[in-house]
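> what would the 3D arrangement of this be:
(one chain, ligands or ions: 1)
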Amino acid sequence: MPLRKIFVAGCCLMLAGMSGCGDNKTSSDADAPATFGTLHDGRNAMLYTLGNKNGLEAAITNFGGIVISLRVPDRKGALEDVVLGYDSLRQYEADRSYFGAIVGRYGNRIGNAKFTLDGSEYTLAANDGGNHLHGGLKGFNKVLWTADEKRSVPGRSLTLTYSSPDGEEGYPGALSVTLMYTLNDENELVIEYEAVTDKPTVVNLTHHSYFNLAGAGTRDVLDHELMIAADRFTPVDEGLIPTGELQSVEGTPMDFRAPTRIGDRIDYEDGQIHRGRGYDHNWVLNRDSDLLQVVASLFEPTTGRVMEVLTTEPGLQFYSGNFLDGTTRGKSGREYRFRTGLCLETQHFPDSPNKPDFPSAVLRPGERYHTVTAYRFTAR
Ligand code: GLA
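Residues are numbered from 1 along each chain as shown. Next comes the predicted model:
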């Protein structure tokens with residue numbers, strides 16, 4: 001597995017092959033943010049466009065830190081938008097699918113919407129049956145983030161901040177979050193997350209784009225070939241809460257160690273597949289360090305597009321769009337039918353606050369939460 005050292009330097013993250021602070025694109029009117037829309041409370045959300053020398057383009061709004069569109073080339077160089085989403089801000093305000101969003105304070109589920117930390121029990125918003133999902137009723141996907149102009153490079157990187165008050169959605173501690181998106185010349189959309197707290201709390205930030213490398217809204221994702229570098233996954237109960245076991249993928253439909261067509265085993269008679277209505281599970285990534293590392297790759301045969309996922313995180317949720325049912329109309333009015341997009345959410349394991357044996361998601365005052373994930377696009 002290729003490893004790359006992460007250096008956090010002043011204004012920007014320096015990954016090998018990534019443009020540094022000095023050689024970024026210069027600002028121009030084309031890089032200036034546009035107004036994306038007006039929220040119900042009257043505030044404006046902005047739209048920021050990032051691009052690189054190869055013509056890739058990402059449009060991101062400070063509402064929910066949402067990636068609205070991501071245009072990447074196929075094997076002939078043709079650019080296409082590969083993420084599901086909507087045309088208007090109002091649709092994103094109403095969205096229940098987390099299209100393109102930043103998810104927090106805790107991405108994924110917390111069982112019974114409760115956890116105990118340092119002897120105190122905390123009750124969270126229960127928004128998924130009796131469980132807590134993706135930060136609650138108003139997670140980080142539904143808040144207006146503040147663009148930090150000093151730490152952004154117009155047209156190249158966008159830094160957003162959000163101060164989550166003590167007690168928000170039931171979580172202890174005021175949490176200051178910084179999020180940086182960068183589109184570099186290695187065709188990577190890099191997401192760097194940072195957070196500090198004033199009281200012990202739990203944090204698990206992730207990104208929830210639904211990818212379809214054939215082009216958003218065109219077809220289902222079953223012909224995509226997926227590799228996940230994981231020997232184990234975390235099996236779940238009926239409510240999709242991990243049982244606590246780390247199960248071998250050997251001999252199960254969860255074995256993606258070699259690239260495998262997603263549709264091949266998605267409807268297997270298998271208890272875990274049945275509970276997830278397909279794939280909706282966390283894989284325990286094979287890691288040899290906590291440095292940024294390639295943990296998954298996705299290939300779409302008709303266009304040749306390839307997406308690699310790099311992360312510093314221990315887990316990856318592969319969700320095969322099983323709740324999409326065609327009732328959601330996305331960009332250009334396209335119907336988003338069953339399994340027409342898939343998410344690869346880098347994360348700590350679901351329900352870690354209640355699972356002492358899982359890697360800890362606790363953040364304490366004086367510590368700095370810092371994770372990096374990158375989606376890298378090529379074609380073959
Ligand atoms: C996640 C979960 C899914 C589902 C989607 C949103 O990725 O794992 O179960 O809740 O978000 O629809």
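> all contacts plus neighbour counts: C-alpha atoms, from now on.
Will do.
> how many neighbours does the spatially closest residue to Y319 that is not a sequence neighbour have?
Once flanking residues are discounted, Y319 sits nearest to D280: 4.2 Å by CA to CA, 6 or more residues apart in numbering. D280 is flanked by 21 other residues according to other CA atoms under 10 Å.
> tell me who's in contact with D280.
Q317, F318, Y319, S320 (CA atoms under 8 Å, 6 or more residues apart in numbering).
> what's the farthest-apart pair in those?
Farthest apart among the contacts of D280 by CA to CA are Q317 and S320. That separation is 9.6 Å.
> shared neighbours of the two, anything?
Counting by CA under 8 Å, 6+ apart, the residues touching both Q317 and S320 are D280, C343.
> between the two, which has more neighbouring residues?
S320 (28 against 25).
> hang on, the more buried one packs against E345?
No. Using CA atoms under 8 Å, S320 is not in contact with E345; the gap is 11.2 Å.
> the ligand contacts on the stretch 101-250 of the chain?
When proximity is defined as CA under 6 Å from any ligand atom, the stretch 101-250 of the chain approaches the ligand at N108.
> point me to the residue of the stretch 101-250 of the chain nearest the ligand.
For the stretch 101-250 of the chain, the residue closest to the ligand is N108, as judged by CA to the nearest ligand atom, at 5.9 Å.
> excluding its backbone neighbours, what's nearest that residue?
Nearest to N108 is H134, by CA to CA, 6+ apart, at 4.9 Å.
> OK, contacts around the one you found?
V103, G104, R105, Y106, G107, N108, R109.
> 6 Å - rerun?
With contact set as CA atoms under 6 Å, 6 or more residues apart in numbering, H134 has these partners: V103, G104, Y106, G107, N108.
> for it, give me the pLDDT.
On pLDDT, H134 comes in at 98.
> what of A32?
86.
> burial of it, as a residue count?
Residues within reach of A32, counting by other CA under 10 Å, total 14.
> that one and the ligand: what is the separation?
In this structure, A32 and the ligand are 32 Å apart, going by CA to the nearest ligand atom, to the nearest Å.
> ok, now R43?
With CA to the nearest ligand atom as the criterion, R43 and the ligand are 26 Å apart.
> for that residue, give me the pLDDT.
98.
> count of neighbours near it?
Neighbour tally, R43, other CA under 10 Å: 10.
> list phi and psi for it.
phi -80, psi 150 (degrees, to the nearest 10).
> how about the one 10 residues further on?
Dihedral angles of K53 (phi, psi; degrees, to the nearest 10) stand at phi -70, psi -20.
> contact partners for F36?
Each residue near F36 by CA under 6 Å, 6+ apart is listed here: A45, M46, L47.
> strands - which of those residues land there?
A45, M46, L47 (DSSP state E).
> could you export the residues you listed as a markdown table, including distance to the ligand?
Shown next, in a markdown table, are the ones in strands among the contacts of F36 (distance: CA to the nearest ligand atom, whole Å):
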| residue | distance to the ligand |
| --- | --- |
| A45 | 23 |
| M46 | 24 |
| L47 | 23 |
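> how about those in a markdown table, adding neighbour count and distance to L179?
Below are these laid out as a markdown table (neighbours: other CA atoms under 10 Å; distance: CA to CA, whole Å):
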| residue | neighbour count | distance to L179 |
| --- | --- | --- |
| A45 | 21 | 16 |
| M46 | 21 | 16 |
| L47 | 20 | 16 |
